[in-house]
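In: fold the following and give me the result.
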Amino acid sequence: MANSMGVFRSVFSDFKASALSLATFSILSKFVVASLSIPAVALFLRSLVSMPVKSKSGSWEFFEYSGSFPDLVLVMIIVFLWLVGFLVEQSGLLIIASGKVRGSVPKIREVLFKVLRTAPRIVGLSSFLAGVYTFCFVPLLTVFAFITRKITDSGNGEYPSFFTGFFGWLLAAVSLLILIRLMLSWLFTMHFGLLCRKKFLKALGSSRKLVKGNRMRLAHILGRFWLLTVTILLVFSFAFRWGRELMISYSREPTSFNIFRLSLFASAETVFVTVIWIIVAGLFSILVTRLFHELVSENRFEGLEKTGVSSVKESTIQKRPWILFLIGLFAFQATYFDYYGKLMVESEVDLPLVTAHRGSSLKAPENTMSAIIRAVHDGADIIEIDVQLTSDGHVVLNHDRTLSKVAGVSKSVPEMTLEEIKAIDVGRRFSRNFAGERIATLEEVIEYMSGVDTKIKLNIELKDYEKTPSIVQAVLDILEKHEFTQRTIITSTSRVRLAAVRESNPAIQIGLIVTYITKDLWSLDVDFYSVSSTILNETFMIRARSYGRDVHVWTVNDTDSMMRYTSLGVSSIITDRPETLSQLLIRKAQLSIFQRRVLAVLSS
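Out: Okay, here's the model as predicted:
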C-alpha cells in the first residue's frame, strides 16, 4: 500500500475531479435522512415527556422512563438513524468514488438508483450495527454525564463514585477501544456489499479479513486524516466563537441591526460547518475506496476468500481469552444497569419556575381568589397578579383599563371606591359556577398566601396605566405590614414605577416587562426581564445573562413552546396553564442528562 502522503495526494486529486457529484449527493442524502430521522427522535422524547408520572416503587422500576431503559432505547434509535443516514450517504459517495478510481464518474441518477435498490439491506445492516454499537455505548454512558458536568463546571447532579471510579473508567475505556476496533474491522463492509454484491453479513466478515494484517497501517492513515479534520474544525470553531464574542462586545444595544448581524454571523457559521462536513464526507469516501482497491489488489483478496473461516482450528475464545473477561464485565454491567442506571444519569437541573398568569385563569376568573387558590393546587411556584388603586386608596386586583371584560362595567378602578367595586360580580361572566365572585384586594391575597407553602411567591404587576403614582407606596405598605416582601417580586412596563420601588425598598426584586426592545433596556436598574414570547430568542438570552439578569417569558400555553423555552434556559415561564407546565417539568426533571441534551437540540 502506498505511503500516506501519496494516498492523500491521490485522494485530493480524485476529489477535485468529482467534487460536484459528491457534494450534490451528500446534500440530497442529508436532507432526506434528516427529514425522516429528526421527527422520529423528537417523537420518542416527546412521548416520554407526555407519559403519566409513575410511582418509583415496584418491580417495574427498570422500565420507568426516568431510569436507564429509555436511555438505552434512545441511544439505539439515534445510533440506528445515524447509521442509516451515514451508510446511505457513504453508499452513494463510494459508488461515485469507485467510479472515479476506475476512470469514470457515474451520473447522480445512476447513483440514486443503485442506493435505492440496496436501501432495504442498508436498513438491515444498520439495525445489526446499532445493536452492536449500542452495546459498546452503554458503559460510555456511565461516565458521559460526569464528564459533561466537569466540562460545563455545573454543580448539579449526583453521580455515585462506583461508576465514575476505576471500574467505570476501565469499562468505558475498554468499550471505546472495542468500538474503534470494530469500526476499523468493518471499514470496507459497504464496498463488499455494493461493489462485490455480497450480502452485508458476509461483507462484514470479508471486510474483517481484508483489514487483518493491515490494521496498523489503516489506523495510521485514518488517524492522520481525522486528526487533521478535527484540528481544522477546532481552529475554525474557536475563530467563530472569538468573532461572535467580539461582535457581541461591540453590539452594546440589541437593536434590530445588531440582532440581524449576529443572526447572519450564526448562519454563516452553520453553513461553513456544513460545507466542511460535506467536503470531509467526500474525502473520506474517496480515501476509504482507494484503500479498498489497493488492499484488494495487494493482497489478492480473491484467493483469501477461498480459505473461509472454517480453517481456523482454535475457537475465538481460545485465541483471544480477553474476550471472556470483556463479556464478564458487560454481563455485570447489564445485570446492575437497571438498579443503578438512574443514579448514573439523574441530576437535579435548573428548570424554570411555573408562574400562573393572573392565577389559574383558564380554570377560574382571572385575578380572583378562586384563580389564586387553584394556581396553588396546580403546582405554581409564582402567582402573577395585576394591581390597581381605587379612588379611596385600596389596592385591588384587575388587569384592564376598565371592568368591561370581567364584569361588563365600563368604569375604571381609579374611578370607583372599594365599596363600589366589591358590589360587582366578576365570576358570572366567566361561568355560572363562579357567580358571586368578587374582586380581591391585595391584602386578602397576602392573607391567604401567608397560610400556604412559603416557597410560593407573588409576582405583583403594577398595572395602573401611569394614573396613580401613589400605588407604589400603597403596595409596599401592605407588603411590609404583612412581612411579605421576601416572597414578592414586582414587575411593570413603567420604568418610573420600578425606579420608585427600587428607591423605597431595594431588597425587593423588580422586573421590567418587555414588549419591544429599546436602546436603554440594558442600562436600567432591574433584576430581571419579563419578555413577550413574540420577541424572546437566544440572542436576547445571551445578552441578558451577560448582564447577570434572569429572563421570564410570557404568555406560553402550548407544550411545544414550554419545552422550547425550558431548553432556552429561562428562569420562569408565565402561563395560563400552570398544571400542564408543572407536570411537564416534573417529567422533564426525570429525564437523564443525555435525554435532556438531545431534547434541547431538537427543541431549538
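
In: skip the chain neighbours and tell me the closest residue to Arg215.
Out: Leaving aside its chain neighbours, Arg215 sits nearest to Leu184 (6.3 Å; criterion: CB to CB, 6 or more residues apart in numbering). Placement of C-beta: from N, CA and C, glycine included.

In: which ones are touching Pro106?
Out: 21, 95-96, 99 (CB atoms under 8 Å, 6 or more residues apart in numbering).

In: derive a ChimeraX selection command for the buried subset of the residues you listed.
Out: Filtering these down to the buried ones (16 or more other CB atoms under 10 Å) takes a single ChimeraX command:
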select :21,95,96,99
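
In: and which of the contacts of Pro106 is nearest to Lys212?
Out: Ile95 (25.5 Å; CB to CB).

In: what's in contact with stretch 197-204?
Out: Contacts for stretch 197-204 (CB under 8 Å, 6+ apart): 121-122, 124-125, 128, 186, 188-193, 196, 206.

In: what is the neighbour count of the residue nearest to Arg215?
Out: 16 (other CB atoms under 10 Å).

In: from Phe540, how far out is it?
Out: Separation of Leu184 from Phe540 (CB to CB, to the nearest Å) stands at 46 Å.

In: for Thr231, same thing?
Out: 34 Å.

In: looking at those two, which is more packed in?
Out: Using other CB under 10 Å as the criterion, Thr231 and Phe540 rank with Phe540 on top: 20 against 10.

In: I figured Ser285 hits Leu94, correct?
Out: Yes - contact criterion CB atoms under 8 Å: Ser285 and Leu94 qualify, at 5.1 Å.

In: helix/strand/coil for the residue nearest to Arg215?
Out: helix (DSSP: H, G, I helix; E, B strand; the rest coil).

In: correct me, but Met541 touches Gly569?
Out: Yes - under the criterion of CB under 8 Å, Met541 makes contact with Gly569 at 6.1 Å.

In: now do the shared contacts for these two.
Out: Joint contacts of Met541 and Gly569 (CB under 8 Å, 6+ apart) are Val551.

In: what's the local residue count around Met562?
Out: Count around Met562 with other CB under 10 Å applied: 24.

In: if I read this right, it contacts Val556, doesn't it?
Out: Yes - counting by CB under 8 Å, Val556 is a contact partner of Met562 at 5.6 Å.

In: overlap in contacts, those two.
Out: Joint contacts of Met562 and Val556 (CB under 8 Å, 6+ apart) are 573, 575, 581.

In: inside strands: which ones of those?
Out: 573, 575 (DSSP state E).

In: can you tell me which of the shared contacts of Met562 and Val556 is nearest Leu442?
Out: So of the shared contacts of Met562 and Val556, ranked by how close each gets to Leu442 (CB to CB), first place is Thr575, at 22.2 Å.

In: quick one, domains of the protein?
Out: 17-213+269-308+334-345, 353-603 (automatic domain parsing).

In: what's the most buried one of the ones you listed?
Out: domain 353-603 (a mean of 19; mean count of other CB atoms under 10 Å).

In: ranges for the strands of the stretch 501-604 of the chain?
Out: 509-514, 528-532, 550-554, 572-575 (DSSP state E, counting those that start in this stretch).

In: got it, and the chain?
Out: Going by DSSP E, the chain shows strands at 353-357, 382-389, 395-397, 457-462, 488-492, 509-514, 528-532, 550-554, 572-575.

In: right, and those strands - which one's nearest Thr441?
Out: strand 395-397 (5.2 Å).

In: run through who's touching that closest one.
Out: Counting by CB under 8 Å, 6+ apart, residues outside strand 395-397 touching it are 367-368, 385-390, 413, 418, 421, 439-443, 445, 471, 474-475, 478.

In: quick check: mean pLDDT of it?
Out: Mean per-residue pLDDT for strand 395-397: 98.

In: one more: stretch 241-257?
Out: 61.

In: got it, and stretch 361-368?
Out: pLDDT averaged over stretch 361-368 gives 95.

In: how about stretch 472-481?
Out: On average, stretch 472-481 scores 96.

In: list the contacts of the nearest residue to Ala34 once chain neighbours are set aside.
Out: Excluding its sequence neighbours, the residue lying closest to Ala34 (CB to CB, 6+ apart) is Gly85, at 7.4 Å. Neighbour list for Gly85: 29-30, 33-34, 37 [criterion: CB under 8 Å, 6+ apart].

In: redo the shared contacts of Met562 and Val556 as TSV? Include pLDDT.
Out: As requested, the shared contacts of Met562 and Val556 are arranged in TSV below (pLDDT from 0 to 100):
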residue	pLDDT
Ile573	97
Thr575	96
Leu581	93
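
In: would you mind giving the shared contacts of Met562 and Val556 as TSV with distance to Ile535 added?
Out: Formatted as TSV, the shared contacts of Met562 and Val556 follow (distance: CB to CB, whole Å):
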residue	distance to Ile535
Ile573	15
Thr575	17
Leu581	20
